[in-house]
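[1] The following block contains a protein sequence and its predicted model.
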Amino acid sequence: MATIYEVSKLAGVSLATVSRVMNKNAKVSEKTTIKVEDAMKALAYRPNSIAQSLASSRSNSVGVLVSELHGPFFGQMMAGIESELRAAGKHVIITTGHSEEDKEKDGIEFLFSRNCDALIIHVEAVSDEYLIELCKGKVPIYLMSRHVDDLVDNCISLNNELGGYLATKALIDLGHKDIAYIAGPQFKADASARLNGHKRALAEQNIPFYESLLYIGDFKETGGSEGLKHFIDKKVSFSAIVCSNDEMASGSMKYAREHGFSLPDDLSIMGFDNVNFANYLYPKLTTIDNPVHEMGRMSAKLVLQNVYKVKDLNIQHIFSPTLISRKSMAKFQP
């Protein structure tokens, strides 16, 4: 099997020039490009990432750390990242952090060991201070779905507080005042911000916030069913429920139907994220759109711009949520 060194020798150019041709670098003249391509053809040489790395000091791979591999949310995120990078001739190496500090740090170290050109990380347990220090290293780090004030140029995030506000305001606009809320784990910045938005919407209409109408869930279907059970068992009065992600909303809907609720007549339910299955639940779930696929693509564009020097990519750092109205909410009937 031919090597990049043989291509370099036959074409009479340096290894770096061969690498630039393989990476379609515009700085290489057409004459030189043809010489290299002819040598590759004559030797039946097929470029590979290791050879390109040796010649250019780039691995053409980007490390991606996400919290989980299961569920539609992270699937959409990874699909957005991978599709944008693959279109540019780059590859991804994926690992998980499971929202635990030690595992997130271990995942980051693993990606460093794979000689990645940059990392895109979705982390929830490590501190802002750790991330600020991490970004001082040689490998560029970009944060997905997280905003750190000192690292704004490296962040792609959603205005989660606004999303939480829009979710609750939509129910208030339908006449609901007794609104239960199933939150995500509060050590997660997105979950905390969504709850703050919920509180702002209540305060704006002078509706008191009651701890008895708050349940801290786990961002999984079980959190939604357990949350609704909690409110029913406590015999608190509520006509609507906001779930801070669609998985918990689906759990609440399932539990409600199993226990005799007619949706949305007896109980209005709001989700958050607008994952793929939200449009196929019964009734179809009203939710807040979290454009995580596009945000994933944007984080990849940020890498392409800053690391691989691709121009004119129109980077957007902060995304705004929008209300997606479907069939899971109804006007309050006294």
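    Right, received. Where do you want to start?
[2] buried residues in stretch 27-40?
    The neighbour-count check on stretch 27-40 (16 or more other CB atoms under 10 Å) flags 28, 32, 33, 35, 36, 39, 40 as buried. Every residue, glycine included, has its C-beta placed from N, CA and C.
[3] My error: substitute stretch 177-186 in the last question.
    Buried, per 16+ other CB under 10 Å, within stretch 177-186: 177, 179, 180, 181, 182, 183, 184, 185.
[4] Out of those residues, name the ones that lie in strands.
    Among the buried residues of stretch 177-186, the ones falling in strands (DSSP state E) are 179, 180, 181, 182, 183.
[5] beta partners of the second one?
    Using DSSP bridges, the bridge partners assigned to residue 180 are residue 241.
[6] So it is in contact with residue 240, correct?
    Yes: assessed by CB atoms under 8 Å, residue 180 is found in contact with residue 240 at 7.2 Å.
[7] Low-confidence bits of the stretch 101-250 of the chain, can you list those?
    Scanning the stretch 101-250 of the chain for pLDDT under 70 picks out no residues.
[8] residues touching residue 223, list them.
    Counting by CB atoms under 8 Å, 6 or more residues apart in numbering, residue 223 makes contact with 182, 184, 217, 247, 248, 251.
[9] hmm, which two among those residues are most spread apart?
    Taking CB to CB, the two most distant members of these are 184 and 251; they sit 12.7 Å apart.
[10] And the helices in the stretch 151-300 of the chain, which stretches?
    Secondary structure of the stretch 151-300 of the chain (DSSP state H, counting those that start in this stretch): helices at 160-173, 189-204, 221-233, 246-258, 292-306.
[11] The second one packs against which elements?
    The one in question is helix 189-204. Packing contacts for helix 189-204, counted by 3 or more CB pairs under 8 Å, 6 or more residues apart in numbering; DSSP states H and E, involve helix 160-173, strand 179-183.
[12] Would you mind splitting the protein into its domains for me?
    4-56, 61-158+292-320, 160-290 (automatic domain parsing).
[13] Which of those domains has the highest mean neighbour count?
    Highest mean neighbour count among these (mean count of other CB atoms under 10 Å): domain 160-290, with a mean of 20.
[14] End to end on it, go ahead and measure it.
    9 Å (CA to CA, to the nearest Å).
[15] Same check on stretch 154-168?
    Using CA to CA, the end-to-end distance of stretch 154-168 comes out at 30 Å.
[16] and it, how far from the chain's centre?
    Relative to its chain's centre, stretch 154-168 lies at 13 Å (CA atoms, centre = their mean, to the nearest Å).
[17] just stretch 176-196 next, same as before
    Centre to centre, stretch against its chain (CA atoms, centre = their mean), the figure for stretch 176-196 is 18 Å.
[18] Now do the contacts for residue 323.
    166, 167, 170, 286, 288, 289.
[19] picking up where we left off before, residue 329 is nearest to which of the domains of the chain?
    Of all those, domain 160-290 sits nearest to residue 329, with 4.0 Å by CB to CB.
[20] now the helices: where do they sit in the stretch 1-150 of the chain?
    So, for the stretch 1-150 of the chain - with DSSP H, counting those that start in this stretch - the helices run 4-11, 15-22, 30-42, 49-56, 72-87, 101-113, 128-134.
[21] Against residue 32, how distant is the closest residue to residue 152 other than its chain neighbours?
    Distance criterion CB to CB, 6 or more residues apart in numbering; nearest residue to residue 152, sequence neighbours excluded, is residue 317 at 6.6 Å. Distance of residue 317 to residue 32, given as CB to CB, to the nearest Å: 38 Å.
[22] Cross-check the contact I'm expecting between residue 331 and residue 172.
    No: contact criterion CB under 8 Å: residue 331 and residue 172 do not qualify, at 11.5 Å.
[23] Please identify every residue contacting each of the two.
    With CB under 8 Å, 6+ apart, residue 331 and residue 172 have no common neighbours.
[24] Check whether residue 120 really touches residue 61, as I assumed.
    No: using CB under 8 Å, residue 120 is not in contact with residue 61, being 11.6 Å away.
[25] of the buried residues of stretch 177-186, closest to residue 101?
    residue 185 (13.3 Å).
[26] quick one, what contacts the closest one?
    99, 191, 216, 217, 218, 219.
[27] same question, residue 267
    238, 239, 240, 241, 256, 261.
[28] Would you quantify the distance from the third one to residue 310?
    Meaning residue 240. In terms of CB to CB, residue 240 sits 46 Å off from residue 310.
[29] same question, the fifth one
    When CB to CB is the yardstick, residue 256 and residue 310 sit 48 Å from each other.
[30] Then the fourth one?
    Distance of residue 241 to residue 310, computed by CB to CB: 45 Å.
[31] ok, now the second one?
    Counting by CB to CB, the separation of residue 239 from residue 310 is 51 Å.
[32] Same check on residue 30?
    21 Å.
[33] What are the contacting residues of stretch 204-211?
    By CB under 8 Å, 6+ apart, stretch 204-211 touches 169, 172, 177, 179, 198, 199, 202, 203, 236.
[34] got those residues as JSON lines, with distance to residue 108 columns?
    What follows is those, written out as JSON lines (distance: CB to CB, whole Å):
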{"residue": "169", "distance to residue 108": "38"}
{"residue": "172", "distance to residue 108": "41"}
{"residue": "177", "distance to residue 108": "45"}
{"residue": "179", "distance to residue 108": "39"}
{"residue": "198", "distance to residue 108": "32"}
{"residue": "199", "distance to residue 108": "33"}
{"residue": "202", "distance to residue 108": "38"}
{"residue": "203", "distance to residue 108": "39"}
{"residue": "236", "distance to residue 108": "42"}
